[in-house]
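Trainee: Could you look at this predicted model? Sequence included:
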Amino acid sequence: VLGFGFEDLAKQLSLAFNEKFDRIFNLASRPYEEQMFAKYALSNLLGGIIYLHGSTYFSDGDKIVETSPVSLLTDTPSRLAFPRGFLWDTGFHNLIVQKWDIQLALQILQSWLSLMDGDGWIGREQVPGGEARERVPDNLWIQNPKYANPPGLFLALESLLVENKTNNQVAAFLEANYAKFALNYAWYFKTQSAVNHPRGFKWQGRTDHHTLTSGLDDYPRAPSPDPNEMHVDLASWMAMASRVMCRYADWMGKPEEAFEYNQRFIDLVGVIEDYHWDDEEGLYTDICLDENNRITRHTHFGYVSLFPLLFGIAGTERAERLKKRIEMELLTDYGVRSLTPKSPYYMSGDQYWTGPIWININYMLVKALGEYKMLDLKDRIKTGLINNMVDQFTSKGTIYEQYSDTTGQGQRSPLFTGWSSLALLIMQM
């Protein structure tokens, strides 16, 4: 549709976008195909931001409760395939949005925090309103106040505290929301704690073949749900959140609370190192811990095994052992796969998190390897992943939800410009 001055305005806006993009991301020296890929990723992430309004549903025992109308401004994993809010996805998305428009990033975070109930719970999938629910299967409408999702908002919070804390808008946001983040943090301890260890953690809501609450849906765990399970990825998430809350409390001028959060961090690292590390195998594992402190390990080398490394918890020696196993079993020409081919569960079930390459975990790994000064592996992953994603974009014209670990082909949902857009940040590392 052409109107008076429309073409001129479109050119001005396009020029302004390109100038701002070059200024922020500094990719002007990259090949043309890489620049187009990066701009596509960013513009479609921003174009996937939606506003939702209406009632939601949650379970209360045997009852299904419809809430009063709520509103949510959120980014989406894919406006085509997943036009709704996902809690842990938003934490990753916000890392990119913060670089582009800090005010918009804060508005999205504030909108998510507004959904928190009095106990500190935020539902992991948000589908408010009948219009949004038309695009979502019925079984995903109803959220359970006992079920978690990885606390991805703490990734965004950490970025604010490290990268943007001198910004006046960020400072106002931090001042206003300390109590909310503290309440959400405490909710995980109240609802996701393990049975037989006060500092162990367990994802609630497991089934025989899925742990949807973990975000790594079909990644193998114990053969069947066990009340004694302790999950190393959740323990690592909570160690990271403890470290962030320590930094936050210190920024707020609350030294006693900062000390308590730091002690929580130390305790959680101790549990991860003393219980979840398998020295014989040289990796971190989920475990079952019985009332007599006996450990049964559930060893499935892949993304779950890497979380202590991803969050900088693993000591140097153990990080080096993990690095060697990554190189032998998980590294491909296209990035790091989600599960070793040596596992009997490799490419089993939904073939979702049991082999394919996911960009959010590769982003965390590339970042962590840089911090551990493991630059050779970092650069190999970065180069292979970006080259393949750009090649796929050039030939297919889109960005995918995941990529094959054997061919590099884009898989599942196209136009998946949520956390797959983290490739943009990987290009800067």
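Mentor: It's in. Worth saying up front: this structure is predicted, and the values here are computed from it rather than measured. Numbers count the residues shown, from 1 in each chain.
Trainee: Name the residues of the helix or strand of the chain with the lowest mean pLDDT that come out as buried.
Mentor: Least confident helix or strand of the chain, by mean pLDDT, DSSP states H and E, is helix 130-133 with a mean of 90. Going by neighbour count (16 or more other C-beta atoms under 10 Å), the buried part of helix 130-133 is 132-133. C-beta here means a position set from N, CA and C on the backbone, and glycine is covered the same way.
Trainee: Can you report phi and psi for residue 125?
Mentor: When quoted as degrees, to the nearest 10, the phi and psi of residue 125 stand at phi -120, psi 140.
Trainee: again with residue 289
Mentor: According to degrees, to the nearest 10, residue 289 has phi -120, psi 110.
Trainee: Go ahead and confirm it touches residue 228.
Mentor: Yes. Residue 289 lies in contact with residue 228 (C-beta atoms under 8 Å); the separation is 5.6 Å.
Trainee: Overlap in contacts, these two.
Mentor: 194, 196 (C-beta atoms under 8 Å, 6 or more residues apart in numbering).
Trainee: Output the contacting helices and strands for the helix or strand that the least confident helix or strand of the chain is followed by.
Mentor: Remark: after helix 130-133, the chain's next helix or strand is strand 142-143, criterion DSSP states H and E. Contact partners of strand 142-143 among helices and strands, from 3 or more C-beta pairs under 8 Å, 6 or more residues apart in numbering; DSSP states H and E: strand 57-60.
Trainee: Name the residues of the strand it packs on that come out as buried.
Mentor: Going by neighbour count (16+ other C-beta under 10 Å), the buried part of strand 57-60 is 57-58.
Trainee: Would you mind pulling up the elements that that strand packs against?
Mentor: Under the contact rule (3+ C-beta pairs under 8 Å, 6+ apart), strand 57-60 is packed against strand 63-66, strand 142-143.
Trainee: who touches that strand?
Mentor: For strand 57-60, contacts defined as C-beta under 8 Å, 6+ apart pick out 64-67, 123, 141-145.
Trainee: so what strands line up beside that strand?
Mentor: As defined by DSSP bridges, the strand partners of strand 57-60 come to strand 63-66 (antiparallel), strand 142-143 (parallel).
Trainee: for residue 324, phi and psi?
Mentor: phi -60, psi -40.
Trainee: residues near the nearest residue to it once chain neighbours are set aside, how many?
Mentor: Closest residue to residue 324 apart from its sequence neighbours, by C-beta to C-beta, 6 or more residues apart in numbering: residue 282 at 7.6 Å. Counted by other C-beta atoms under 10 Å, the residues lying close to residue 282 total 15.
Trainee: what residues are up against residue 282?
Mentor: Here residue 282 is in contact with 318, 321-322, 324-325 (C-beta under 8 Å, 6+ apart).
Trainee: Out of those residues, who's the most crowded?
Mentor: residue 322 leads those on contacts (other C-beta under 10 Å) with 22 neighbours.
Trainee: tell me which element that residue falls in.
Mentor: Here residue 322 is assigned to helix 316-325, by DSSP H and E.
Trainee: I'd like the distance from that helix to the chain centre, please.
Mentor: What separates the centre of helix 316-325 from the centre of its chain is 23 Å, taken as C-alpha atoms, centre = their mean, to the nearest Å.
Trainee: Quick one: distance of the following helix or strand past that helix to the chain centre.
Mentor: Next along the chain after helix 316-325, taking DSSP H and E as the criterion, comes strand 331-332. Put simply, strand 331-332 sits 21 Å off its chain's centre (C-alpha atoms, centre = their mean).
Trainee: Do a quick rundown of the helices in this structure.
Mentor: Ranges of helices in the chain, per DSSP state H, are 6-25, 32-47, 87-100, 102-113, 130-133, 153-163, 168-191, 232-251, 255-271, 303-310, 316-325, 359-371, 375-396, 423-426.
Trainee: can I get these in a markdown table with distance to residue 55?
Mentor: A markdown table is the format used below for the helices of the chain (distance: least, C-beta to C-beta, whole Å):
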| stretch | distance to residue 55 |
| --- | --- |
| helix 6-25 | 36 |
| helix 32-47 | 26 |
| helix 87-100 | 19 |
| helix 102-113 | 16 |
| helix 130-133 | 8 |
| helix 153-163 | 23 |
| helix 168-191 | 22 |
| helix 232-251 | 30 |
| helix 255-271 | 36 |
| helix 303-310 | 35 |
| helix 316-325 | 45 |
| helix 359-371 | 30 |
| helix 375-396 | 38 |
| helix 423-426 | 35 |
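Trainee: wait, which of those is closest to residue 219?
Mentor: With C-beta to C-beta as the measure, helix 303-310 is the member of the helices of the chain nearest residue 219 (5.9 Å).
Trainee: Quick check, pLDDT for residue 61.
Mentor: At residue 61, the model reports a pLDDT of 87.
Trainee: residues contacting it?
Mentor: Residues counted as contacts of residue 61 (C-beta under 8 Å, 6+ apart): none.
Trainee: let's number from 772 now, not from 1
Mentor: With the count now opening at 772, the last piece we talked about shows up as residue 832.
Trainee: quick one: it from residue 897, how far?
Mentor: 22 Å (C-beta to C-beta, to the nearest Å).
Trainee: same deal with residue 851?
Mentor: Residue 851 sits 18 Å away from residue 897, going by C-beta to C-beta.
Trainee: got it, and residue 1183?
Mentor: Residue 1183 sits 21 Å away from residue 897, going by C-beta to C-beta.
Trainee: More neighbours: which of these two?
Mentor: Between residue 1183 and residue 897, counted using other C-beta under 10 Å, residue 897 has the larger neighbour count: 21 against 14.
Trainee: burial count for the residue lying closest to the more buried one once chain neighbours are set aside?
Mentor: Spatial nearest neighbour of residue 897, chain neighbours left out: residue 856 (3.6 Å); criterion: C-beta to C-beta, 6+ apart. Using other C-beta under 10 Å, residue 856 has 27 neighbouring residues.
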